[in-house]
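Chemist: My questions concern the predicted model and sequence given below.
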Amino acid sequence: MSELEDLYREVILDHNKNPRNFAELDDADRTIEGVNPLCGDKLTLYVKLDGDRIADIGFKGTGCAISVASSSMMTERVKGATIDEGLQLFDTVHRMLAESELDETALMELGKLAALSGVREYPSRVKCASLAWHALKTALNDSTESVSTE
Amino acid sequence: MNSDMSSATPTSISERHPITNIEALRADFPILDQEVHGKPLTYLDSAASAQRPQSVIDAMVRHEQRNHANIHRGVHELSQRSTDAYEHARDLARAFVNAPSRSEIVFTRGTTESINLVAASLGRMSLSASDEVLITQMEHHSNIVPWQLICQQTGARLLAAPMTQSGELDVEAFSRKLTERTKIVAIGHVSNALGTINPVKELTAIAHDAGAIVVVDGAQAAPHLPIDVQDIDCDFYALSGHKMYGPTGIGLLYGRETLLDRMPPYQGGGEMILTVTIESSTYSELPHKFEAGTPNITGAVGLGAAIDYLATIDPKARIDHEDRLLELATAELSRIPGLRIVGTAKRKAGVLSFVFDDIHAHDLGTILDREGVAIRTGHHCAMPVMDFFCVPATARASLGLYNNADDIHRLVGGLHRALELFR
Ligand SMILES: Cc1ncc(COP(=O)(O)O)c(C=O)c1O
């Protein structure tokens, strides 16, 4: 596998082409705007809560394949999860994007999301992958601030 | 003159035999001779920053090794050499833009600082509420934001003349926006996002008829076109060294002497004053009034060497070479399925912006980089241009005199690789 194929894995290309939960939620409890000024990625994340559960989640926006796929995979994964699980997952994804190797438990926890680890070799692209996750963290912390990866 | 004088190369010799074989000049740029990610480097990002020929690097090293000291203030030999080198660079710069007088050449950090200087100083002098500043829709942020700032301070209004779908300035609409309220017109000579060459001479005449002062952003024109501020008849002209094969951190502002004379200083400090008491100061003669503090001396030497370098090359051969490459690139890219060129003005220089329907520019940039091809992706500091064409970003290949047909073929190869990956 060439390095490029390691970045643009099948699952990432698939989520880019057919993003899941790519919709605005009319009844969202939290709406977060995210921008990556470097490449012009723009994302709006909608979260509907039911108690401490993420009852529904959706996103809209434009971005590169990494950013769209990361958003899509994130929403697919955290829909139905608790707020604590979502925040815990943010930490693990953050570690995956920032550190070189993760232990077994972390890899187990990531599952399919580990496909995003190829981004590590592309420092200029890490922000593309992390934008959606920062938006998620902000939404779950009930902050109304917009997020920027700058 | 001292034999150690770094930038005093005799241009007269080469002017008699200007170089017409542009392809051979690539060898003058040592940085191009390397591999990136195991592939030969194909540098197509000169609009962001051009590479420097060995002669520019040498002139700067020589200056640092032999001549450096502060300028205009020492009685010792090194200070004199540095002062001579710095002022010699000013002479070269004057000739480069064909300004009438060397006192009309102000050294700055680059185009951004040059425009900020004019906006702040001229703006303070000549703008008030009910006045207007006219720019265009295709300006770089550095020819937008300084005007926003001074308009906010003075209450003046900032307007932008529109462009057409091909990325050409709509000259009629530009004329209609000019009124007796328009005090300043600021226009780009060549658009960094689209490559459009604006008819600055014609626009200047129209603006002058309306009584406005004209500022031209020449950052992208300087590396490609002959610059003649007297022929354009503009009042100010800004450029950056690093876009024209010189170093970063140095650029210049040409300003009409009658205006510079009346304008208040931009920054205060050493170098720009004659006398200082605690209560007040008197200012130095032009251009020193606008050069507060110790300037980028080595940068000026490098800029002078870049001007010397360009002077050895036949300008027509250089422009023909770049035009042919731009034509080749345009033809080749037009054949790629799903690719759309953004900016199709009749007169263009050095820049090819494009998008794919279903591949984001940022992904293209990464894929091309792995093929050794360096391009720029993003909004190119021209967000209003992106908004106009309804794209979040474009990929931009831009040319320098050192590029050749191989570079274009590698770009095309890289784009096919992207299509393959994303199929
Ligand atoms: C058209 C144009 N104007 C102004 C600038 C700003 O130049 P600098 O960053 O050298 O000050 C640039 C460079 O990006 C440019 O392309």
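Modeler: Structure's in. What do you need?
Chemist: Check the contact between B:Phe284 and B:Gly268; I expect there is one.
Modeler: Careful, residue B:284 is Ser; it's not Phe. No: using C-beta atoms under 8 Å as the test, B:Ser284 is too far from B:Gly268 to be in contact (11.4 Å). For glycine as for every other residue, the C-beta is placed from the backbone atoms N, C-alpha and C.
Chemist: So for the two, which sits in the more crowded spot?
Modeler: Neighbour count, other C-beta atoms under 10 Å in any protein chain shown: between B:Ser284 and B:Gly268, B:Ser284 has more, with 18 against 13.
Chemist: okay, the more buried one: pLDDT?
Modeler: With respect to pLDDT, B:Ser284 has a value of 88.
Chemist: I'd like to know how far it sits from chain A.
Modeler: 40 Å (C-beta to the nearest C-beta, to the nearest Å).
Chemist: wait, what's in contact with A:Ser124?
Modeler: A:38, B:366 (C-beta atoms under 8 Å, 6 or more residues apart in numbering or on different chains).
Chemist: what pLDDT does it get?
Modeler: The model's pLDDT for A:Ser124 equals 86.
Chemist: next one: the one 3 residues further on
Modeler: As predicted, A:Lys127 sits at a pLDDT of 92.
Chemist: chain center to the one helix or strand it maps to, what's the gap?
Modeler: Using DSSP states H and E, A:Lys127 falls within helix A:126-140. When distances are taken as C-alpha atoms, centre = their mean, to the nearest Å, helix A:126-140 is centred 5 Å away from the chain's centroid.
Chemist: touching chain B at all, that helix?
Modeler: Yes: using C-beta under 8 Å from any C-beta of the partner chain, helix A:126-140 reaches chain B at A:Cys128.
Chemist: Only alpha carbons, please: show that helix as PDB.
Modeler: C-alpha atoms of helix A:126-140 as PDB (Å, rounded to 0.1, in the frame of the first residue of the first chain):
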ATOM      1  CA  VAL A 126      -4.400  16.600  10.900                       C
ATOM      2  CA  LYS A 127      -6.600  19.600  11.400                       C
ATOM      3  CA  CYS A 128      -8.900  18.400   8.600                       C
ATOM      4  CA  ALA A 129      -9.500  15.200  10.500                       C
ATOM      5  CA  SER A 130      -9.900  16.800  13.900                       C
ATOM      6  CA  LEU A 131     -12.300  19.600  13.100                       C
ATOM      7  CA  ALA A 132     -15.500  17.500  13.500                       C
ATOM      8  CA  TRP A 133     -14.200  16.100  16.700                       C
ATOM      9  CA  HIS A 134     -13.500  19.500  18.200                       C
ATOM     10  CA  ALA A 135     -17.000  20.500  17.200                       C
ATOM     11  CA  LEU A 136     -18.300  17.400  18.900                       C
ATOM     12  CA  LYS A 137     -16.400  18.100  22.100                       C
ATOM     13  CA  THR A 138     -17.700  21.700  22.100                       C
ATOM     14  CA  ALA A 139     -21.300  20.500  21.600                       C
ATOM     15  CA  LEU A 140     -21.100  17.900  24.300                       C
END
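Chemist: just the strands in chain A please.
Modeler: A:30-36, A:41-50, A:53-62, A:147-148 (DSSP state E).
Chemist: Any chance you could give me the first one in PDB, C-alpha atoms only?
Modeler: Put plainly, it is strand A:30-36. Written as PDB, here are the backbone C-alpha positions of strand A:30-36 (Å, rounded to 0.1, in the frame of the first residue of the first chain):
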ATOM      1  CA  ARG A  30     -26.800  22.200  20.200                       C
ATOM      2  CA  THR A  31     -25.500  23.700  16.900                       C
ATOM      3  CA  ILE A  32     -21.800  24.300  16.500                       C
ATOM      4  CA  GLU A  33     -20.000  26.000  13.600                       C
ATOM      5  CA  GLY A  34     -16.500  24.900  12.800                       C
ATOM      6  CA  VAL A  35     -13.900  26.300  10.400                       C
ATOM      7  CA  ASN A  36     -10.500  25.400   9.200                       C
END
